[in-house]
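Student: Fold the following.
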Amino acid sequence: MHEASIVQSIFESTAESMRKEGLSRVTRIKIAVGGMHHLVPEVMNHYFDLMKQEWSGFETAILVMDIIDVKVRCRKCGWFGPVEPPIFMCEHCNSFETDMIQGKELLIESIRGEAD
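Tutor: Numbers count the residues shown, from 1 in each chain. Okay, here's the model as predicted:
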């Protein structure tokens, strides 16, 4: 499961931000995850809850995930809209000549915390 390594990276990046911003505690981390990552929110939260005890200042933190739909733009007719991977077909003209416009994102959108 790649969820564990992603959660580990979230803690590492957030810990760096804590140092830069002078935070002593993190209370909430919000991430944006594109549908192409196929992350399971329950598994992400499970790993987050296990790992947060190992990181100073994260003991009461929560993880919020914003799942971003996979969307494509058709090169033939210009249609833009959501698709269900692994089929990247235009719903308007049935062409497979599409470009993925969104759905690959994986980023920390916001961090809430407290300073002493």
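
Student: count of neighbours near Pro85?
Tutor: Neighbours of Pro85 under the rule other CB atoms under 10 Å: 12. In this view, the C-beta of every residue, glycine as well, is placed from N, C-alpha and C.

Student: and the closest residue to it other than its chain neighbours, what are its phi and psi?
Tutor: What sits nearest to Pro85 in space, not counting adjacent residues and going by CB to CB, 6 or more residues apart in numbering, is Val70, at 5.5 Å. Val70 adopts backbone torsions of phi -80, psi 130, taken as degrees, to the nearest 10.

Student: What helix or strand is the residue positioned nearest the centre of the chain located in?
Tutor: Closest residue to the average C-alpha location of the chain: Val33 at 2.6 Å, with CA atoms, centre = their mean. Using DSSP states H and E, Val33 sits in strand 25-34.

Student: returning to that earlier point: and the residue nearest to Pro85, what is it in contact with?
Tutor: Gly34, Gly35, Met36, Pro82, Val83, Glu84, Pro85, Met100, Gln102, Gly103 (CB atoms under 8 Å, 6 or more residues apart in numbering).
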